[in-house]
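Q: sequence and predicted structure, then a few things I'm wondering about:
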Amino acid sequence: MKKIIFILLLAMMPFAARAASQQDSLWNAGVECYANDDFSGALECFRALEDQGYSSAELYYNMGNTYFKMSGYIAYAVLYYERALKLDPSYKDARANLDFAHQFTLDKIEKVPEFVLVTWFKSFRETLSSDGWAYVALASLVLVAILLLAFRFGRSMAIRKLSFVFAIIVAIFMLLSVIFSFGLRSEILGTDGAIVINPVSSVKSSPNASGKSLFIIHEGTKVTILEELGEWNKVELSDGRQGWILKREIETI
């Protein structure tokens, strides 16, 4: 059985190498097109990468930049900056470009105020990506092991006490790192965030065309999907307003 698996892996290696080479070619071609102001060509290359199942914060960031340079695609620029930040919340360039792109959207919606500790907690968590916090957790685990060895074999009581105290502190930080990593990972896999891609959308009181129009939102506005029913989604804005919008008028982050 092991022989069969080994043979299959060997047989798949040329295909994997060819796919990686093709992705590199598409990436380089897209970057070159962008540098030459051929934004349609750059987008074609980047979208081909996306269609192949490749995803990364860098790819989405570049797609956001490309859409931003193309007239009439501000909603998609916002969408791809959001996708880049979803994969890597610590991506400062994507954050800065997203804030800049928001200046070109029509809706200026105030967020519901958060408790200051919640805001601080989220900001601290977003200093690293999910993988980054996972690496921190692993490094902390190694450090805890070293400190416990120092506690066990320390020559003096002072060293043993100090090692034990620091082991507890590092263990707590390790636990927080694991929580941050899993929390960000669940957000990456989540599909509750979306961007309005329709130029003008009417948010209804019920999931049907005859429902009362509660308010109007425009392309580039971010919403949270609360519920799905047929061709409608119940969404919530950052200021707390809720209503129903057609699925085709929003794109999941």
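A: Perfect, I can see it now. Numbers count the residues shown, from 1 in each chain.

Q: can you get me a residue count around the residue nearest to residue 126 when sequence neighbours are not counted?
A: Spatial nearest neighbour of residue 126, chain neighbours left out: residue 89 (3.6 Å); criterion: CB to CB, 6 or more residues apart in numbering. No exception for glycine: its C-beta is placed from N, CA and C like everyone else's. Applying other CB atoms under 10 Å, we find 22 residues neighbouring residue 89.

Q: surely residue 89 forms part of a strand?
A: No: looking at residue 89 with DSSP: H, G, I helix; E, B strand; the rest coil, it is coil, so not inside a strand.

Q: what does the pLDDT read for it?
A: At residue 89, the model reports a pLDDT of 92.

Q: who's in contact with it?
A: The contact partners of residue 89, taken as CB atoms under 8 Å, 6 or more residues apart in numbering, are 125-126, 128-129, 184.

Q: ok, how many other residues are close to the nearest residue to residue 83 once chain neighbours are set aside?
A: Spatially, and ignoring its direct neighbours in sequence, residue 83 is nearest to residue 60 (4.2 Å; CB to CB, 6+ apart). Here the number of neighbours of residue 60 (other CB under 10 Å) works out to 25.

Q: residue 248 now?
A: Residue 248: 11 surrounding residues under other CB under 10 Å.

Q: repeat that for residue 123.
A: Other residues close to residue 123 by other CB under 10 Å number 10.

Q: what's the answer for the one 3 residues further on, then?
A: For residue 126, the count of nearby residues is 16 (other CB under 10 Å).

Q: for stretch 70-82, buried residues please.
A: When burial is assessed from 16 or more other CB atoms under 10 Å, stretch 70-82 yields the following buried residues: 73-82.

Q: about what we covered before: OK, contacts around the residue nearest to residue 83?
A: Taking CB under 8 Å, 6+ apart, one finds 80-81, 83-84, 87, 94 in contact with residue 60.

Q: what's the lowest-pLDDT member of those?
A: Among the contacts of residue 60, residue 87 has the weakest pLDDT, 93.

Q: how about the helices in the stretch 51-200 of the chain?
A: Assigned by DSSP state H, counting those that start in this stretch, the stretch 51-200 of the chain shows helices spanning 57-69, 74-87, 92-102, 116-125, 130-153, 157-189.

Q: check those helices for me: which has the lowest mean pLDDT.
A: helix 116-125 (a mean of 87).

Q: could you dump that helix to CSV, C-alpha only?
A: The C-alpha coordinates for helix 116-125 follow below in CSV (Å, rounded to 0.1, in the frame of the first residue of the first chain):
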residue,chain,number,x,y,z
VAL,A,116,-13.0,50.4,24.2
LEU,A,117,-11.5,47.1,25.5
VAL,A,118,-13.2,45.2,22.6
THR,A,119,-11.7,47.6,20.1
TRP,A,120,-8.3,47.3,21.7
PHE,A,121,-8.6,43.5,21.7
LYS,A,122,-9.5,43.3,18.0
SER,A,123,-6.7,45.7,17.1
PHE,A,124,-4.1,43.6,19.0
ARG,A,125,-5.4,40.4,17.5
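
Q: distance of the residue nearest to residue 83 from residue 166?
A: Distance of residue 60 to residue 166, given as CB to CB, to the nearest Å: 39 Å.

Q: who touches stretch 199-214?
A: Surrounding stretch 199-214, the residues in contact under the criterion CB under 8 Å, 6+ apart are 215-219, 229-230, 232, 234-235, 241, 243-246, 249-250.

Q: 10 Å instead?
A: 72, 75, 106, 196, 215-221, 223, 227-235, 237, 241-246, 248-250 (CB atoms under 10 Å, 6 or more residues apart in numbering).

Q: could you tell me which of those belong to strands?
A: Among those, DSSP state E puts 196, 215-218, 223, 227-229, 232-235, 242-246, 250 in strands.

Q: and this protein, what are its domain boundaries?
A: 2-102, 116-189, 193-252 (automatic domain parsing).
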